[in-house]
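S.K.: Need coordinates for the following:
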Amino acid sequence: MKTLNASSFDPAEADRKLAPMTGTVTANPPQFRNPRAAHGFRVRTCSIASVGSYVPQRVLTNTELAKRLGTTEEWILTRTGICERRIADNDEFTSDLAAQAALRAMVKAGVSAEQIELLIVATNTPDLLFPATACLVQSKIGARRTAAFDIKAAGSGFLYALEIGQQFIMSHTCDTVLVIGAEKLSAMVDWEDRSTCVLFGDGAGAAVLRHQPGRQGLLTTCMGGQGDLAELLFMPGGGSRHPASAHSVAAREHFLRMAGRGIFKPAVHAMQTAALEALDRCRLSIRDIRYIIPHQANQRIIDAVTERLGAQPWQVFTNLHKYGNTSGASVAIALDEVVEGGLVQRGDLLLLIAFGAGLTWAATVIEW
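M.R.: Sure, this is the predicted structure:
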């Protein structure tokens, strides 16, 4: 199934196809119910004021990988949908990627470091086990005395972080929250395992959250998890269960391991279920959604979710072919490309969906 990507998208064609389904987007926006209306809106709304992203300069192509792994470019592309991925330098860390994305989002929002009251970093590849990567990012962007912490929900991390950050805005605890998804997966990949190393790349995406009067913003997020599937995607070494030792290093336990075939069905089911629940909460159908921005994990997973949701291929934005799977950063990077490309207008409805190790999943509906 063909899906939308940054290089092939035609806004005029999308407008033409969307009009028969939902009417003129700007003149007759779809009617929806904000789930928080049941609480009398005793809280304020939370919107994404800006987004920013950053990917390393180094490009690792399928040609290079095919030579290294003794396979073919076609083998990689047909199984993943990936053409290339970005790889951070040895002296470029997750906190560096996160800081660059954060600064870009802050400039777009016109927000200074002093205005950031809370900083949340979603990552599975922290610079260190502790302290939190968010604390390192705080220092690098000059956000002194800002509260900062990490969350770990893998591919779902950015959506989890959006929901957490939103709570601080809604409750009037904070006025400005910075949420970042960042990964340096190249440091955790076993480059001798061709079933996994072809999938992952490095990058970061950030969003500034604020209350914007007159805008609904983040409408709802449906989140979930299934811990009994944890060993479908995990890294056995380095924690308290298997601390670093000569044996753990020799056994290559400090690289990620994934059961590719086993993760496909649970991932597709989780993303579909979460998306439908999120839409139902807002009394929306998939036809009301302007763009679907899925976790950029694998083209086969994206195609399966698109089909099960009954979405049109041109509704689905992908940049998987350029960056590979950047885990917690993937949805954030894609969202930034949608916004920077001028593909979204005020009032458009977006559906963000993701899954990750854990197994975790999430779906977020946004009125832009």
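S.K.: For M21, give me the pLDDT.
M.R.: M21 is assigned a predicted lDDT (pLDDT) of 37.
S.K.: how many neighbours does R145 have?
M.R.: Residue neighbour count, defined by other C-beta atoms under 10 Å, stands at 9 for R145. Placement of C-beta: from N, CA and C, glycine included.
S.K.: tell me which element it falls in.
M.R.: R145 is part of no helix or strand when elements are defined by DSSP states H and E.
S.K.: again with the one 3 residues further on
M.R.: When elements are assigned from DSSP H and E, A148 belongs to strand 147-151.
S.K.: That strand - contacts with which helices or strands?
M.R.: With contacts defined as 3 or more C-beta pairs under 8 Å, 6 or more residues apart in numbering; DSSP states H and E, the secondary structure elements packing on strand 147-151 are strand 118-122, helix 133-141, helix 157-170.
S.K.: Now do it, average pLDDT.
M.R.: Averaging pLDDT along strand 147-151 gives 98.
S.K.: So which bits of that strand are buried?
M.R.: 147-148, 150-151 (16 or more other C-beta atoms under 10 Å).
S.K.: Can you add distance to G227 and give the residues you listed back as TSV?
M.R.: Shown next, in TSV, are the buried residues of strand 147-151 (distance: C-beta to C-beta, whole Å):
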residue	distance to G227
A147	28
A148	27
D150	19
I151	16
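S.K.: which one of those residues is nearest A113?
M.R.: For A113, the nearest member of these is A148. The distance, counting by C-beta to C-beta, is 12.0 Å.
S.K.: what are the bridge partners for that closest one, then?
M.R.: According to DSSP bridges, the residues that bridge with A148 are L119.
S.K.: Make sure it is actually in contact with Q138.
M.R.: Yes: in this structure A148 lies within contact range of Q138 using C-beta atoms under 8 Å: 4.5 Å.
S.K.: So which residue is smack in the middle of the protein?
M.R.: Nearest residue to the geometric centre of the chain (C-alpha atoms, centre = their mean): V331, 2.6 Å.
S.K.: Show the contacting residues for that residue.
M.R.: Residues near V331 by C-beta atoms under 8 Å, 6 or more residues apart in numbering: 158-159, 181, 205, 293-296, 352, 354.
S.K.: that older thread, what is in contact with A148 and Q138 at once?
M.R.: With C-beta under 8 Å, 6+ apart, A148 and Q138 have common neighbours L119.
S.K.: and the closest residue to F168 other than its chain neighbours, how many neighbours does it have?
M.R.: Among residues not flanking F168 along the chain, C174 sits closest, at 4.1 Å (C-beta to C-beta, 6 or more residues apart in numbering). When neighbours are counted by other C-beta under 10 Å, C174 registers 21.
S.K.: on that earlier part again, give the buried subset of the contacts of V331 as a PyMOL selection command.
M.R.: Here is the PyMOL command that picks out the buried ones among the contacts of V331, judged by 16+ other C-beta under 10 Å:
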select buried, resi 158+159+181+205+293+294+295+296+352+354
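S.K.: Output the contacts of V331 in a markdown table, with distance to Q212 and secondary structure appended to each entry.
M.R.: Below are the contacts of V331 laid out as a markdown table (distance: C-beta to C-beta, whole Å; DSSP: H, G, I helix; E, B strand; the rest coil):
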| residue | distance to Q212 | secondary structure |
| --- | --- | --- |
| F158 | 20 | helix |
| L159 | 20 | helix |
| G181 | 21 | strand |
| G205 | 20 | strand |
| I293 | 20 | strand |
| P294 | 26 | strand |
| H295 | 26 | coil |
| Q296 | 27 | coil |
| L352 | 18 | strand |
| A354 | 24 | strand |
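S.K.: From the chain's centroid, how far away is the strand holding A148?
M.R.: In this view, strand 147-151 has its centroid 17 Å away from the chain centroid, taken as C-alpha atoms, centre = their mean, to the nearest Å.
S.K.: How about stretch 48-63?
M.R.: Taking the mean C-alpha point of stretch 48-63 and that of its whole chain, the gap between them comes to 12 Å (C-alpha atoms, centre = their mean).
S.K.: mind giving me the domain ranges of this structure?
M.R.: The record, using automatic domain parsing to delimit domains, assigns the chain the ranges 4-42+217-367, 47-210.
S.K.: Quote the end-to-end distance of the shortest one.
M.R.: Using C-alpha to C-alpha, to the nearest Å, the gap from the first to the last residue of domain 47-210 comes to 6 Å.
S.K.: How about stretch 317-337?
M.R.: In stretch 317-337, first residue to last residue: 9 Å (C-alpha to C-alpha).
S.K.: ok, and for it, which residues are buried?
M.R.: In terms of neighbour count (16+ other C-beta under 10 Å), stretch 317-337 has its buried residues at 317-337.
S.K.: now stretch 278-285
M.R.: Of the residues in stretch 278-285, 278-279, 281-282, 284-285 count as buried by neighbour count, 16+ other C-beta under 10 Å.
S.K.: same check, this time on stretch 266-276
M.R.: So stretch 266-276, judged by 16+ other C-beta under 10 Å, has buried residues 267-272, 274-276.
S.K.: picking up where we left off before, so which of the helices and strands packed on strand 147-151 is the most surrounded?
M.R.: Stretch with highest mean neighbour count among the helices and strands packed on strand 147-151: strand 118-122 (a mean of 28; mean count of other C-beta atoms under 10 Å).
S.K.: could you check the angle strand 147-151 makes with it?
M.R.: Strand 118-122 and strand 147-151 meet at an angle of 20 degrees, taking axes from the mean of the first three to the mean of the last three C-alpha atoms, to 10 degrees as the criterion.
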